[in-house]
Each structure stands twice: as structure tokens, then as C-alpha cells.
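**Student:** Below are the sequence and a predicted model; questions follow.
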Amino acid sequence: MKPETVWVWGRHPVLEALRAGTVHSILLATGRSPSPILADIRQLARQRGIPLREVEPGEIERLAPGQNTQGVAAQVLQRRRHEVGELLQGPDPGERPPFLLALDQVQDPHNVGALLRTASAAGVQGVIVPERRSAPLSGAVAKVSAGAVSHLPVAEVTNLARALDEVRHAGIWVVGLDGTAEATIFSLDLTIPLLLVIGGEGEGLRRLTRERCDFLARLPMLGPMESLNASVAGSIAMYEAVRQRLQVE
């Protein structure tokens, strides 16, 4: 049976998918100026025996209308479905405490991609997202994440509240970002085993999600703006956890 595949596009996403070993084939637009990333894509594809075909630019653009494909697209194997329990196995003893991320119905692919990119850079070990009313982990998300989606384990769950219960039972504390919280994210101890929850655009954390949080925290807003978008707020919170963890090492 032929494995199921999806298309991703953009130079960094294709290169990261190659490094992750998930690429089935590659399309490269003719007439592109040489670049180090394209050279790396060619070399790695050749080393791994992955078919690379040069085509007219329009053939790639038809795969992703209106997207900036940067003249390269790859057919990649469908992501393996992870279970929450796999994410809870955590790092080896002696390494940093568990650090997970959950997205509560974040629906903008650009926000999801940006959050996954930050999560990968910040050392997050896995991400939990609900199956419904969330941006699918598509080529657009892969492009914004600069390929981070190829490396981060993601568990797609039917019930986020139940997944958070499972996380808490495993001894991991759940902290939700909520603009109405009394505490700020900077006042909490984020060196503990941690799952950070980011709410969706507009609605924020849903009631059942909020009820599963051990702590709620906000970002202090000192100027006239009342809030930040999900990806910016989540990125700030993730790197506050990084800052605190580096201080105690």
C-alpha cells in the first residue's frame, strides 16, 4: 500500500523534512538563482536517494495557490499520530523538567506555525492540540514554522480537557495564559514540570480548559493595547520558562 503523503513548501520546511527523513519526492522550480539552502536540499536528496524533479514554476504554484513557495515543494509522509502518553515520557533523568505546550483551538495557521517554531527553539518536548476547531498541521503551518512541525511530536486529541487531566495525573503542572488572571507569568515558578496552555484567538481559554489549569497567568499590559495575539503571547511565556530554567542550571 502506498503511504499517505501531503505537500509542504518553502526552502526551510523542505530542508527540515529532509533532515527528519519524511520526504517522498521533491519538486524544484526551474530558473531559480543558486542558494546555500537549495544546494543543501539537492545534496541531501541525492544522499538519501529521494527523487528531485525540476519543473516549471507554475506547477509548484498550483500546489499552494497564493502561497510563497520559494520555488520548492516536497511530498512528505503523513505525520505519525502521537498519543498524549508518549509526550509524557519526558526527558531522561538529569535533564530539564518536562516542558509541554497545548493550544486551545488556535485557528490561524500563522499563529500555530509561529508557536510551533518558538516551541521547537525553546526546547518544548511535545504539543497537544484538539482535533476540532484548530488549524490543521498543513503546508501553511509547516511554512510558518520554518519546518519545526517536522521535528515536534504533536498529539491531536478529541477532548483537550481530558488530555489535560492525563497530564496533571502524570505530575505535570498546567499553566494557562489568561488576560483576566491576577498573577503575571513572571511571578510563577516555571522551572517545575510544566504544560503551558495558549488560548484561541478572540475567545481565549475555554471554561473547561481553564478549570483544568493549576495556575492562570497573564502578561502585564502597560500601554494602551489590551492584548497580544496568541503566537506573540505564547512565545513570551515560553521564553520566560526558558529564562527561569537556565538560571537554576
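**Tutor:** Arrived safely.

**Student:** make it CA atoms for all contacts and neighbour counts henceforth
**Tutor:** Fine.

**Student:** centre of the chain versus stretch 45-60, how much separation?
**Tutor:** 26 Å (C-alpha atoms, centre = their mean, to the nearest Å).

**Student:** Pull the residues that contact stretch 174-194.
**Tutor:** Defining contact as C-alpha atoms under 8 Å, 6 or more residues apart in numbering, one finds that stretch 174-194 is touched by 97-100, 164, 167-168, 171-173, 195-199, 204-205, 210, 212-220, 227, 234, 237, 240-241, 244-245.

**Student:** My guess is Leu196 contacts Ala102. True?
**Tutor:** Yes - Leu196 lies in contact with Ala102 (C-alpha atoms under 8 Å); the separation is 6.1 Å.

**Student:** Now restrict the contacts of stretch 174-194 to buried residues only.
**Tutor:** Among those, those scoring as buried are 97-100, 164, 167-168, 172-173, 195-199, 204-205, 210, 212-213, 215-219, 234, 237, 240-241, 244-245 (criterion: 16 or more other C-alpha atoms under 10 Å).

**Student:** What's the local residue count around Glu166?
**Tutor:** 15 (other C-alpha atoms under 10 Å).

**Student:** helices and strands around the host helix or strand of it, which ones?
**Tutor:** Element membership for Glu166, per DSSP states H and E: helix 160-169. Other helices and strands packing on helix 160-169, by 3 or more C-alpha pairs under 8 Å, 6 or more residues apart in numbering; DSSP states H and E, are helix 84-87, strand 126-130, strand 173-177, helix 207-211.

**Student:** buried set for whichever strand or helix holds Gly113?
**Tutor:** Using DSSP H and E, Gly113 maps to helix 109-121. By neighbour count on 16+ other C-alpha under 10 Å, the buried set for helix 109-121 is Pro109, His110, Asn111, Val112, Gly113, Ala114, Leu115, Leu116, Arg117, Thr118, Ala119, Ser120.

**Student:** Tabulate these (TSV), appending pLDDT.
**Tutor:** Listed next are the buried residues of helix 109-121 as TSV, based on pLDDT from 0 to 100:
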residue	pLDDT
Pro109	87
His110	87
Asn111	90
Val112	90
Gly113	88
Ala114	90
Leu115	94
Leu116	91
Arg117	90
Thr118	94
Ala119	95
Ser120	91
